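*Asks:* quick check, what structure comes out for this input:
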Amino acid sequence: MSDEKKLIPSFYSGFLKLFSGLAVVQLLNLGFSLILPRYYSPVDYAFFGVFTAIIFILIEIVTLKLDVTIFFQKNDEEALEIVHAIFFICFCFTLIVLVLSVCLSLFYDSKYILLSLSLLLYGMVLPLSAWFNRQKDYRRLNTYRIIQALMIPVLSLLFIIVFKWHFGLVLGFILGQMAGLLYLLFSFHHFSFDLIRYNLVSKYLHKYKHFPKYGVVSSLIGSISRNSIVLFVKYFFGSTNAGYYTMSSRILNAPTGMYQSALSQVFLQQASHLENAALKVYIKKVIWFGFFLGILPVVLLLFLGQEIFGFLFGAEWLMAGKMSQYIVLWFFSITLVAPVGLMLDIKQKLRFEAGWNSLLLILRMTAIFAGVLLNDLFLMLLILCVVGVAMNLYLLYYVLKLINDKAD
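*Replies:* Purely as a prediction, here's the structure:
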């Protein structure tokens, strides 16, 4: 076993390279998070939450999950072909979304016209990020994130202070995305119009047909169940509560999302090439590392969330702090399990992933409707937390069993 352990790559070095840049991003986010809520109201955050929820739902379709397969290729030529194939898919899908966003802007709010632009930017970033991660070019990935972390809040502040635009959170989000994408495109020296053609899309969709067939459906179901919560909160409990929920989830997502993003990229790049015996040890190291890193802040938020939010953001956001106390364990379980959950993609267990996400959607909808029927938002959040923790533990159990069975 000692010889096997020597063959297991250390995720610490790659993770620390990515997270060192993410630490700067985190400090920027924290600094601006203390400022933005003093200019934007909970209602402003509610619209921002709804807008980004739609983006995060649709983004599961725009690449047809082919960005994951960039890591599987043995040579860079095929990986580059997939990058350009995703560009083609992204552009075509964005045209469809443009028609839908025009309809939304006509019947609901004119600002929804920005959905297609945001989706195009986000969709092009995914394959580029996967490419630079494949190359272990963590410096560029860190620079990209720092650009985003700086531009989004600075522009958001500019729009509300100078122009009094209350949709500045959305506009800053989009322009920050654009700045990050331009940096990645400038750094990507392999762009070729000759590779943006339909036959490459057809080739890789056929080669990895399980990903669009099962993976997209599964991810879409999971994304709907995760990101639609703010839509239900807004519809049944009002825009103000939706703003509180958006603020709470964004604050929890700031550190956990960065940790999860950095570790997921390293995990996917390394675990794709490990045998099951090595994976058993590797996965356990990842889980315990995340647990010990996050347990202290989780306990503090669990018992003092309302006081912490009140101190940092002002009395107007006490309710967001209370919500964080109800959902922090749920977000913590996602942070621990999500990176190793990528084993479902690596082992192409996409049918199980689809079933797991479908069950999660059913349970979340049950929690939401229980809260609506009883007119109790915090009961809804509590049930959502219990469901989330339980399902993430089940996913971890399945991944460990999958590795154990094949290792034996």
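*Asks:* contacts, neighbours, all on C-alpha from now
*Replies:* Will do.
*Asks:* tell me what the host helix or strand of Pro339 is packed against?
*Replies:* If you go by DSSP states H and E, Pro339 is part of helix 318-341. Judged by 3 or more C-alpha pairs under 8 Å, 6 or more residues apart in numbering; DSSP states H and E, helix 318-341 is in contact with helix 239-271, helix 276-313, helix 377-407.
*Asks:* just send the ones you listed back as CSV, with distance to Leu336 too.
*Replies:* Output for the helices and strands packed on helix 318-341, formatted as CSV (distance: least, C-alpha to C-alpha, whole Å):
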stretch, distance to Leu336
helix 239-271, 8
helix 276-313, 6
helix 377-407, 9
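*Asks:* and those helices, which one averages the lowest pLDDT?
*Replies:* Ranked by mean pLDDT, these end with helix 239-271 at the bottom, a mean of 78.
*Asks:* rewinding a little: how about the helices and strands packed on helix 318-341 in JSON lines, adding mean neighbour count and distance to Ser110?
*Replies:* Putting the helices and strands packed on helix 318-341 into JSON lines (neighbours: other C-alpha atoms under 10 Å; distance: least, C-alpha to C-alpha, whole Å) gives the following:
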{"stretch": "helix 239-271", "mean neighbour count": "22", "distance to Ser110": "18"}
{"stretch": "helix 276-313", "mean neighbour count": "16", "distance to Ser110": "30"}
{"stretch": "helix 377-407", "mean neighbour count": "18", "distance to Ser110": "30"}
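*Asks:* which one of the ones you listed lies nearest to Ile221?
*Replies:* helix 377-407 (14.5 Å; C-alpha to C-alpha).
*Asks:* on that earlier part again, Ile346: which of the helices and strands packed on helix 318-341 is closest?
*Replies:* Closest of the helices and strands packed on helix 318-341 to Ile346 is helix 239-271, at 7.7 Å (criterion: C-alpha to C-alpha).
*Asks:* just to revisit the earlier point, and after the helix holding Pro339, which helix or strand comes next?
*Replies:* Later in the chain than helix 318-341, the nearest helix or strand by DSSP H and E is helix 343-346.
*Asks:* elements contacting that following helix?
*Replies:* Short answer (3+ C-alpha pairs under 8 Å, 6+ apart): helix 343-346 packs on helix 239-271, helix 350-373.
*Asks:* can I get these in a markdown table with distance to Ala149?
*Replies:* Below are the helices and strands packed on helix 343-346 laid out as a markdown table (distance: least, C-alpha to C-alpha, whole Å):
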| stretch | distance to Ala149 |
| --- | --- |
| helix 239-271 | 11 |
| helix 350-373 | 30 |
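*Asks:* out of these, nearest to Gln73?
*Replies:* Taking C-alpha to C-alpha, helix 239-271 is the member of the helices and strands packed on helix 343-346 nearest to Gln73, at 10.9 Å.
*Asks:* list the buried ones in stretch 68-84?
*Replies:* Neighbour-count burial for stretch 68-84, counted by 16 or more other C-alpha atoms under 10 Å, picks out 68-72, 79-84.
*Asks:* what's the end-to-end length of that stretch?
*Replies:* Stretch 68-84 has an end-to-end distance of 14 Å (C-alpha to C-alpha, to the nearest Å).
*Asks:* that older thread, and the buried residues of stretch 68-84, which two are furthest apart?
*Replies:* The most widely separated members of these are Phe72 and His84, with 15.8 Å between them, by C-alpha to C-alpha.
*Asks:* circling back: now the buried residues of stretch 68-84 as JSON lines including distance to Gln135?
*Replies:* What follows is those, written out as JSON lines (distance: C-alpha to C-alpha, whole Å):
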{"residue": "Val68", "distance to Gln135": "14"}
{"residue": "Thr69", "distance to Gln135": "14"}
{"residue": "Ile70", "distance to Gln135": "11"}
{"residue": "Phe71", "distance to Gln135": "10"}
{"residue": "Phe72", "distance to Gln135": "13"}
{"residue": "Ala79", "distance to Gln135": "11"}
{"residue": "Leu80", "distance to Gln135": "12"}
{"residue": "Glu81", "distance to Gln135": "15"}
{"residue": "Ile82", "distance to Gln135": "15"}
{"residue": "Val83", "distance to Gln135": "13"}
{"residue": "His84", "distance to Gln135": "16"}
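*Asks:* so which of those is the closest to Lys322?
*Replies:* Set against Lys322, the nearest of those by C-alpha to C-alpha is Val68 (36.6 Å).
*Asks:* would you agree the closest one is in contact with Ala130?
*Replies:* Yes: judged on C-alpha atoms under 8 Å, Val68 makes contact with Ala130 at a distance of 7.5 Å.
*Asks:* many thanks, have a good one.
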